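*Asks:* test case, fold it:
(one chain, ligands or ions: 2)
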Amino acid sequence: LIALFQPQVLKGQHVLVTAGPTYEAIDPVRGITNLSSGKMGFAIARAAREAGAQVTLVAGPVSLPTPRGVQRVDVRSASNMLEAVMDKAPVASIFIATAAVADWRPAHASEQKLKKDGSNATPTLSFVENTDILATLAQSPRAQSGALFCVGFAAESHDLLANAQAKRLRKGVPLLVGNIGPATFGQDDNALILVDERGTVELSRDSKLALARKLIADIADRIRARD
Ligand code: CTP
Ligand code: CA
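*Replies:* Numbering: from 1, shown residues only. Ligands and ions are numbered 1, 2, ... in the order given. As a prediction, the model looks like this:
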């Protein structure tokens with residue numbers, strides 16, 4: 001019911017959100033992934049929709065229901081996620097990257113299941129770096145001209161503030177949101193720190209949905225101030 005009373009601060013906007021982990025195949029039955037649950041990204045997609053935006057949610061492998069009124073695109077690998085994002089980006093006005101995208105993928109996914117060969121030898125994997133989806137979009141002409149507002153997330157195990165500030169500049173995004181530890185993966189609550197060119201604002205511990213609504217209101221303010 002609360003959803004009905006959310007001010008329509010993103011009416012006319014198209015919000016593109018990435019969420020969840022990615023899965024990088026080693027062979028047909030094995031792969032590398034991480035503990036992201038997707039909950040924060042799904043809450044943000046829901047909050048953006050409640051605020052009147054059209055919302056596209058590009059989701060890695062998660063087990064979460066699709067928020068009402070949100071268009072969902074399921075993907076598996078970081079390459080799949082990049083492709084889906086590039087496909088939707090031309091119509092988006094806001095991009096929010098919450099996904100825990102795998103930084104590396106195995107250089108060669110085996111077409112057949114790897115088998116023990118009886119010699120006790122262990123397999124060696126070599127990796128290649130995945131494209132940075134957020135940085136790619138942030139450097140696009142539409143982002144550079146202000147038509148696409150890009151927001152990044154950062155999960156850090158240490159030195160959150162310094163790492164988040166450096167990451168914001170490195171990615172070239174106006175707003176970077178840090179998860180304040182302890183590790184929030186899978187939890188229903190979180191605490192956030194918003195880092196922009198002027199400094200930082202903390203959103204104190206709350207449910208991921210309540211934080212998502214606050215973040216969406218904050219992003220709407222930034223867009224209004226810009227226009
Ligand atoms: N991100 C992305 N594509 C990638 C890696 C990260 O879009 N290939 C996005 C994430 O969704 C997040 C932001 O970039 O919004 C920061 O991700 P993070 O993993 O914290 O930063 P990295 O640049 O990958 O640095 P590191 O993991 O080494 O801290
Ligand atoms: Ca990373």
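
*Asks:* for the residue nearest the centre of the chain, give me its contacts.
*Replies:* In the chain, the C-alpha nearest the mean C-alpha coordinate belongs to residue 98, at 1.8 Å (Cα atoms, centre = their mean). By Cβ atoms under 8 Å, 6 or more residues apart in numbering, the residues touching residue 98 are 17-19, 40-41, 44, 153. In short, each C-beta sits where N, CA and C put it, glycine included.

*Asks:* how near is it to residue 123?
*Replies:* Going from residue 98 to residue 123 by Cβ to Cβ, to the nearest Å gives 32 Å.

*Asks:* from memory residue 54 sits against residue 15, does it?
*Replies:* Yes: under the criterion of Cβ atoms under 8 Å, residue 54 makes contact with residue 15 at 7.2 Å.

*Asks:* more neighbours: which of these two?
*Replies:* Neighbour count, other Cβ atoms under 10 Å: between residue 54 and residue 15, residue 15 has more, with 26 against 19.

*Asks:* does the more buried one count as helix, strand or coil?
*Replies:* strand (DSSP: H, G, I helix; E, B strand; the rest coil).

*Asks:* wait, it sits on residue 92?
*Replies:* Yes: counting by Cβ under 8 Å, residue 92 is a contact partner of residue 15 at 6.9 Å.

*Asks:* got any residues that touch both of the two?
*Replies:* residue 56.

*Asks:* so who does residue 218 touch?
*Replies:* Residue 218 touches 194, 201, counting by Cβ under 8 Å, 6+ apart.

*Asks:* can you list phi and psi of it for me?
*Replies:* Residue 218 has phi and psi values of phi -70, psi -40 when expressed as degrees, to the nearest 10.

*Asks:* and it, how far is that from ligand 1?
*Replies:* As for residue 218, its distance to ligand 1 is 16 Å (criterion: Cβ to the nearest ligand atom, to the nearest Å).

*Asks:* what does residue 23 give?
*Replies:* Counting by Cβ to the nearest ligand atom, the gap from residue 23 to ligand 1 is 14 Å.

*Asks:* just for this protein, where's the confidence low?
*Replies:* Scanning the chain for pLDDT under 70 picks out 1-4, 181-184.

*Asks:* if you set the cut-off to 90 instead, what comes out?
*Replies:* For the chain, the stretches with pLDDT under 90 are 1-6, 117-121, 155-160, 180-190, 226-227.

*Asks:* pull up the residues of it that are close to ligand 1.
*Replies:* 18, 78, 97, 99, 101, 103, 130, 132-134, 152-155, 167 (Cβ under 6 Å from any ligand atom).

*Asks:* can you give me the strands in the protein?
*Replies:* Assigned by DSSP state E, the strands in the chain fall at 14-19, 24-27, 30-32, 54-59, 71-74, 94-97, 104-106, 127-129, 149-155, 175-179, 189-195, 200-207.

*Asks:* so can I have CSV of those showing distance to residue 119?
*Replies:* Formatted as CSV, the strands of the chain follow (distance: least, Cβ to Cβ, whole Å):
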stretch, distance to residue 119
strand 14-19, 42
strand 24-27, 18
strand 30-32, 20
strand 54-59, 41
strand 71-74, 39
strand 94-97, 43
strand 104-106, 21
strand 127-129, 24
strand 149-155, 39
strand 175-179, 44
strand 189-195, 47
strand 200-207, 52
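
*Asks:* ok, the residue lying closest to residue 132 once chain neighbours are set aside to residue 7 distance?
*Replies:* The spatially closest residue to residue 132, leaving aside those adjacent along the chain, is residue 171, at 7.4 Å (Cβ to Cβ, 6 or more residues apart in numbering). Distance, residue 171 to residue 7, using Cβ to Cβ: 29 Å.
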